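Colleague: quick check, what structure comes out for this input:
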Amino acid sequence: MFKRTVPFLVASIVFLILLFVTNRPSNGLFELPTRTYTLLMEGDGTANITETFTMRFIKPFRYVTWSLEMPEGTLIEDFHYDILQGPPLLGGVQFKRFGPRNIDVFLQFSRSMEEYVQVPKDGLIIELKFSYKVKNLLIQGKDFTQLFIKYAAEAPVVTKKLDVRIVFPSEFGQPIVYQHPWGLMVSSQKNGNMLRFIFKNVPPETFVEGRYVFAKILPIRFKRSENVSLSEILIHEKRYLQKNYFGTIFALTYGSFVLLVPVFIYRKFGKEFSVVYDAEYEREIPYKDSPDIVNGVVRRLCSTPDEHGLNSVLLNAVREKKARIVTGQTGEIEAIEFLTDVSKDSFIRVFDGFISENRLDFNSFKKSVQKESSARKFLQNFRKWQMEVLHKIREKEFMDEKGNKTVKSFAAIFCVFVPLTILIVLTNFGAEHRPMIVYIRTMMFLCISVGIAIFLMRKDVFSRWTKEGLLYYLRWKNFERFLLDFSALSMYPPQSIAMWDEYIVYATALGIAKTVAENFKKLNPPAETSVTNLILAQPKMLDVIPSMVQTASQTIAQTSSSSNFRGGTVGSGAGGSKIGAG
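Modeller: Predicted coordinates for the structure are as follows:
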C-alpha cells in the first residue's frame with residue numbers, strides 16, 4: 001500500500017516546491033499590509049493625489065525609499081510627505097531626484113548607514129503619506145478623453161490590500177473603467193462621483209493601473225493629446241480581456257484533460273480481471289520456474305530482472321551442486337567456483353572475462369569493475385542477460401502492457417513536454433498578464449506533478465495481468481507472505497533439506513532473503529542445507545551481486561561526470577510610485 005502512495009506523495013512535494021520557488025517572498029525585510037491611493041480630479045484637469053503606505057518591518061532596517069516618475073508632458077507640483085506613525089527620522093531626508101516629472105526620496109531612520117533601527121518581535125509599523133498634484137494627466141484622443149493612471153508600480157513584497165479611490169467632477173459624467181492586470185480586483189463600489197476599488201494580495205513585482213474612458217471630448221485646460229480613437233481603445237481592451245479569458249480557460253481545461261485521461265486509460269486498460277483464488281498462504285513453491293523468471297515477473301512486474309534475480313540464480317547453482325562458495329581462513333566469502341559446465345546457463349555470460357579457471361573471485365572482480373572499461377563490459381553483459389530473461393517472460397504473456405505504455409507516452413508528451421513548452425512561452429508575457437500567468441503556471445506545475453506520479457507508479461497500475469498472470473502473481477505473493485510470517489513458517493516449516501534451500505533461493509529472487517534468513521535462524525535448519533546455512537553464516541552473500549552492479553554503475557557515473565562540457569498599451573499607465581527599504 002505504501003509503495004502505491006509514494007508516487008502521489010512525491011508528486012505533491014514537487015508541486016508544493018514548484019509553487020514555493022515561484023512565489024517565494026523576494027524581500028524579508030518588511031510587509032505591506034495596506035496601501036491607499038486617492039485621486040481627486042479638478043475641473044481644469046489637475047489631479048490631486050494622495051498615497052499612504054503602512055509598512056510592517058520584521059527585520060532591522062536603516063531607510064525607506066519612495067520614487068515616482070510621470071510620463072513626458074506632465075508636471076508634478078506641491079509635493080509633501082508625512083510620517084504618520086513610526087520612529088523619528090534621525091538620518092534626515094535626501095531627494096535623489098526632484099524634477100518636474102520625477103521624484104526620488106530617501107528617508108533615513110537610522111543615525112548613520114552603519115547603524116540599524118532595531119525591530120521588536122511583533123514588528124515595527126511605519127505609516128507614510130505622500131501627496132502631490134499632477135497637471136496634464138488626462139489624455140484627449142480624437143473623440144474621447146481618458147485618465148490612464150498607475151495606482152502602484154512594482155513592489156518587492158505582496159501588497160495585502162490596495163484601496164483606490166477616484167473622484168471626478170460631476171460634469172465629466174460616468175467613465176467606462178478598465179482595471180489592469182485582469183483578475184486582481186476584489187470589489188468595486190460607486191458613491192456619487194467617487195469610484196472605489198479594492199485589490200487584495202497584489203503579487204510582488206506587479207503593477208496595478210486603471211483606464212477611465214469618457215466617450216466625449218472634455219473641456220479641460222490641462223491635458224495631453226494623442227492621435228487615437230475611442231474604437232481603437234475599446235478594441236484593445238476587448239482583446240486584452242479575451243486573451244486573459246482564453247488563457248485561464250485553457251489552463252483549467254488542459255489541467256482537467258491531464259487529470260481525466262489517465263483515469264480513462266486505467267478504466268480501459270488497467271482494471272484487472274477477476275480470478276477465483278482465496279488461499280491465505282502458499283506453503284510450497286507455487287511454480288518451478290527459474291528464480292530469475294520469478295524475480296522479473298513478481299518483483300519487477302514482468303520487467304527485466306534486477307541484481308537480486310542474478311544473485312538468486314548463483315545461489316540456485318550452488319543448490320543444484322553446479323557451484324560452491326569458497327571462503328577464506330577467516331570465514332569470509334572469497335569466490336564462487338563452478339563445479340560443472342555451466343556455459344549453457346545464460347547467467348554465466350554476465351561474468352564473461354571475469355572468470356578464471358572456473359572461479360569468480362569476488363575481490364578481484366570488485367577491483368576490476370572500478371576501471372571504466374571493465375565496468376562498462378560487465379554492465380553490457382548484465383543488460384544482455386536481463387533482456388534474455390525478459391524475452392522469456394514476455395513469451396509467457398502474463399501481462400498486457402498496452403495501458404502502461406499508453407499512459408507513459410501520454411505523460412511524456414502532455415504532462416512534461418507541452419507544459420514545459422508553455423512555461424517557456426509564458427516568459428514572453430508581460431506583467432499585465434500576471435494573474436493569468438499564475439493560473440496557467442500553477443496548472444502546468446500540476447500537470448508536471450501528475451506526470452511525475454505516473455512515471456513513478458508501478459507498472460501494474462495501468463497494465464493488466466492476464467488471468468494466468470494474475471494467478472501466478474497472487475500465488476507467489478502469498479508464498480512471500482508465508483515466508484515473512486514467522487508464526488506461519490514455524491507452524492509449517494520446510495519438510496526436507498531441499499525445500500530449505502529452495503525457499504532461500506526464491507526468497508532472494510523476491511528480494512526478501514534477509515528477513516527470511518532471520519526467520520530461518522530461529523527455526524534451526526538442518527546442517528546439511530548447502531545454501532541456507534551458507535546464508536545464515538555469511539549473510540553478506542546476499543549483497544555480493546548488488547554491490548558488484550552498484551560499483552560498476554558508480555564507476556561509469558563518475559567517469560561521465562568528470563568529463564568537461566563545451567558547448568498606451570496595458571502596463572503603460574502614467575506614474576505608479578515605488579516603495580522600498582534597506
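Colleague: element containing residue 104?
Modeller: Assessed by DSSP states H and E, residue 104 sits inside strand 102-108.
Colleague: and that strand, which residues are buried?
Modeller: 103, 104, 105, 106, 107, 108 (16 or more other CB atoms under 10 Å). In this view, the C-beta of every residue, glycine as well, is placed from N, C-alpha and C.
Colleague: contacts for that strand, please.
Modeller: Here strand 102-108 makes contact (CB atoms under 8 Å, 6 or more residues apart in numbering) with 62-70, 76, 79, 81, 83, 89-98, 128, 130, 132.
Colleague: for the stretch 351-500 of the chain, which segments count as helices?
Modeller: 362-368, 372-396, 402-410, 418-426, 434-456, 459-462, 467-484, 486-491, 497-509 (DSSP state H, counting those that start in this stretch).
Colleague: which elements pack onto the shortest one?
Modeller: Spelled out, it's helix 459-462. helix 402-410 (3 or more CB pairs under 8 Å, 6 or more residues apart in numbering; DSSP states H and E).
Colleague: can you lay out the buried residues of strand 102-108 as CSV showing distance to residue 54 and pLDDT?
Modeller: CSV is the format used below for the buried residues of strand 102-108 (distance: CB to CB, whole Å; pLDDT from 0 to 100):
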residue, distance to residue 54, pLDDT
103, 21, 92
104, 21, 93
105, 17, 92
106, 20, 93
107, 15, 93
108, 20, 94
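Colleague: please name the strands paired to the strand holding residue 104 in the sheet, noting orientation.
Modeller: Next to strand 102-108 in the sheet, as set by DSSP bridges, lie strand 63-69 (antiparallel), strand 92-98 (antiparallel).
Colleague: just give me how far the last one sits from the chain centre.
Modeller: In terms of CA atoms, centre = their mean, to the nearest Å, the centre of strand 92-98 is set 45 Å apart from its chain centre.
Colleague: swap in the first one?
Modeller: Computed by CA atoms, centre = their mean, the chain-centroid distance of strand 63-69 equals 37 Å.
Colleague: what part of this structure, helix or strand, is modelled with the least confidence?
Modeller: Within the chain, no helix or strand scores below strand 574-575, which has a mean of 68 by mean pLDDT, DSSP states H and E.
Colleague: just the buried residues of the contacts of strand 102-108.
Modeller: 62-70, 76, 83, 91, 128, 130, 132.
Colleague: of these, which is the nearest to residue 208?
Modeller: residue 68 (14.7 Å; CB to CB).
Colleague: quickly list what that closest one is bridged to.
Modeller: Assessed by DSSP bridges, residue 68 has beta-bridge partners residue 103.
Colleague: next, the contact list for it, please.
Modeller: Residue 68 sits in contact with 76, 102, 103, 104, 130, 132, 575, 576, 577, 578, where contact means CB under 8 Å, 6+ apart.
Colleague: could you rerun that using 10 Å?
Modeller: By CB atoms under 10 Å, 6 or more residues apart in numbering, residue 68 lies in contact with 49, 51, 76, 79, 97, 101-105, 130, 132, 134, 150, 153, 575-578.
Colleague: same check, this time on residue 474
Modeller: Per CB under 10 Å, 6+ apart, neighbours of residue 474: 275, 277, 278, 279, 282, 286, 298, 465.
Colleague: from those, which land in strands?
Modeller: residue 465 (DSSP state E).
Colleague: just the contacts of residue 474 now: which is nearest residue 252?
Modeller: Nearest to residue 252 among the contacts of residue 474, with distances taken as CB to CB, is residue 465, at 36.0 Å.
Colleague: what's the neighbour count on that closest one?
Modeller: Residue 465: 21 surrounding residues under other CB atoms under 10 Å.
Colleague: same thing with residue 556?
Modeller: 15.
Colleague: what's the angle from the strand or helix carrying it to helix 497-509?
Modeller: Using DSSP H and E, residue 556 maps to helix 544-562. Interaxial angle of helix 544-562 relative to helix 497-509 (axes from the mean of the first three to the mean of the last three CA atoms, to 10 degrees): 20 degrees.
Colleague: nearest residue to the middle of the protein?
Modeller: residue 14 (3.0 Å; CA atoms, centre = their mean).
Colleague: ok, that one - contacts?
Modeller: Per CB under 10 Å, 6+ apart, neighbours of residue 14: 445, 448, 449, 451, 452, 453.
Colleague: for the fifth one, which non-adjacent residue is closest in space?
Modeller: What it means is residue 452. residue 11 (4.9 Å; CB to CB, 6 or more residues apart in numbering).
Colleague: residues near that neighbour, how many?
Modeller: With other CB under 10 Å as criterion, residue 11 counts 21.
Colleague: just the angle between the lengthiest helix in the chain and helix 418-426, please?
Modeller: The longest helix of the chain (DSSP state H) is helix 230-265. In terms of direction (the same axes, to 10 degrees), helix 230-265 departs from helix 418-426 by 160 degrees.
Colleague: what's the average pLDDT for helix 230-265?
Modeller: Here helix 230-265 scores 91 as its mean pLDDT.
Colleague: could you tell me which other helices and strands it packs against?
Modeller: strand 145-152, strand 176-180, strand 208-214, helix 402-410, helix 418-426, helix 434-456, helix 459-462 (3 or more CB pairs under 10 Å, 6 or more residues apart in numbering; DSSP states H and E).
Colleague: apply 8 Å and report the result again.
Modeller: strand 176-180, strand 208-214, helix 402-410, helix 434-456.
Colleague: what's the angle between the third one and helix 230-265?
Modeller: By that I understand helix 402-410. Using the same axes, to 10 degrees: helix 402-410 against helix 230-265 is 150 degrees.
Colleague: does anything pack onto helix 402-410? Which helices or strands?
Modeller: helix 230-265, helix 434-456, helix 459-462.
Colleague: same check, this time on the last one
Modeller: Of the remaining helices and strands, those touching helix 434-456 by 3+ CB pairs under 8 Å, 6+ apart are helix 2-23, helix 230-265, helix 402-410, helix 418-426.
Colleague: ok, which of these comes nearest residue 354?
Modeller: Once the helices and strands packed on helix 434-456 are compared by CB to CB, helix 2-23 is nearest, at 34.1 Å.
Colleague: and the closest one, which residues are buried?
Modeller: 7, 11, 14, 15, 18, 19.
Colleague: check contacts around the first one.
Modeller: This means residue 7. 452, 453, 454, 455, 456, 457.
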